[in-house]
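Q: next comes the sequence, and after it the predicted model I'd like to discuss.
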Amino acid sequence: MKRWITWEDMIDVYVKLHQRGIRFLLSKLTFNSTKKSISAFDASLGGTSNWWEIPLIKERWNRMITGDSQIDFKSYFINKYLSGAQSPLRVLSLGAGYCQHELMLASCPLFREIVCLDINQGNLDEAALQAKEKGLHNLSFCCKSIEEYDFASERFDMVMFNNSLHHFCDVRTLLGEKIKQCLKPEGMLLVNEYVGATRFQFSRVQIQAINQAIGLIDKPYRRRYKTSLYKKRYYGTGWFRVFLADPSEAVDSANIMPAVHEYYHTIEEKPFGGNILAFALKDIAFHFADPDKRRREILECLFQFEDDYLKEHPSDFVFGLYRLNTHEA
């Protein structure tokens with residue numbers, strides 16, 4: 001059942017006011033969906049406390065994807081799948097954002113060109129400046145939406161989505177038609193994504209589990225970033241608040257994996273959780289940025305709790321590498 005507005009939404013508005021200021025909230029008072037989406041990723045509009053910024057979380061992801069806490073998915077992918085590449089590759093990154101991952105890949109001689117596509121010109125300009133400072137000449141930047149981009153005229157060895165595919169609507173058409181047009185016959189699709197419930201409309205079972213996890217966190221570490229509020233429970237996110245904040249957020253996320261599996265052959269697929277940690281640690285992650293012994297114990301307890309949950313539920317985050325399915329019916 002869709003939740004339109006919840007108590008969680010009221011708390012989130014209050015917290016965002018303190019974390020990011022009135023300018024950020026005012027940026028949402030527009031009918032322009034693109035401007036709303038851009039403001040969601042504008043670092044100049046204040047900071048937040050995000051779970052993915054916790055070093056031990058990143059190490060957990062690395063272990064679950066690569067088997068080594070110190071090796072990220074990019075290095076793992078290059079070493080395992082590109083070591084024998086016959087010629088430099090041409091890559092399209094959709095929703096590249098700040099292009100951090102693309103800048104890292106561009107330092108590898110295996111990549112002839114990495115085309116970064118995004119709707120935020122400011123982010124692309126910043127990335128272009130960094131590329132120039134690093135002496136990287138194999139990056140190009142394109143400020144367009146996927147509706148404006150001409151997929152049919154391009155040919156790529158790989159298309160990648162890094163936490164961006166869940167921002168695109170109608171993923172079946174995107175993956176089944178547009179991406180297929182620009183991928184070479186033996187081209188690869190790389191996905192590192194949130195693939196959980198659309199608009200974060202989680203089941204009651206998942207919400208209950210998130211609240212159980214919150215209960216495992218000592219009260220001093222449940223104070224929300226830049227506020228005096230303590231996190232007591234998660235009430236479930238309202239559809240309207242997600243849409244108002246960013247119309248592209250998790251817009252068609254539940255259909256990502258079905259579409260991927262329909263149109264592509266799986267080379268490798270690694271789930272890495274997030275079902276519990278993402279919302280249990282939302283707004284309080286800053287407490288665990290440099291954890292002492294007790295906070296490490298809490299994180300390990302949360303990790304085990306999520307691992308147990310994942311034994312019976314599909315992961316909300318997945319890393320996967322795929323090729324076009326050439327045997328479609």
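A: Alright, I've got the coordinates.

Q: show me what residue 91 is bridged to.
A: Assessed by DSSP bridges, residue 91 has beta-bridge partners residue 114, residue 158.

Q: return the residues in contact with it.
A: For residue 91, the residues meeting the contact criterion (C-beta atoms under 8 Å, 6 or more residues apart in numbering) are 102, 105, 111, 113, 114, 115, 156, 157, 158, 159, 160. All C-beta atoms are positioned from the backbone trio N, CA, C, and that covers glycine.

Q: now, which of these sits nearest residue 190?
A: Closest approach to residue 190 among the contacts of residue 91 (C-beta to C-beta): residue 160, at 4.2 Å.

Q: how about the contacts made by the residue lying closest to the closest one once chain neighbours are set aside?
A: Closest residue to residue 160 apart from its sequence neighbours, by C-beta to C-beta, 6 or more residues apart in numbering: residue 190 at 4.2 Å. By C-beta under 8 Å, 6+ apart, the contact list for residue 190 reads 77, 158, 159, 160, 161, 162, 320, 321, 322.

Q: and what of residue 220?
A: Listed by C-beta under 8 Å, 6+ apart, the contact set of residue 220 reads residue 287.

Q: need the strands for the stretch 201-329 of the chain, in chain order.
A: Ranges of strands in the stretch 201-329 of the chain, per DSSP state E, counting those that start in this stretch, are 264-271, 317-324.

Q: which strands border the first one, and is each parallel or antiparallel?
A: Right, the one you point to is strand 264-271. The pairing partners recorded for strand 264-271 under DSSP bridges are strand 317-324 (antiparallel).

Q: what residues sit buried inside the strand it pairs with?
A: Going by neighbour count (16 or more other C-beta atoms under 10 Å), the buried part of strand 317-324 is 317, 318, 319, 320, 321, 322, 324.

Q: how about stretch 248-258?
A: The neighbour-count check on stretch 248-258 (16+ other C-beta under 10 Å) flags 248, 249, 250, 251, 252, 253, 255, 256, 257 as buried.
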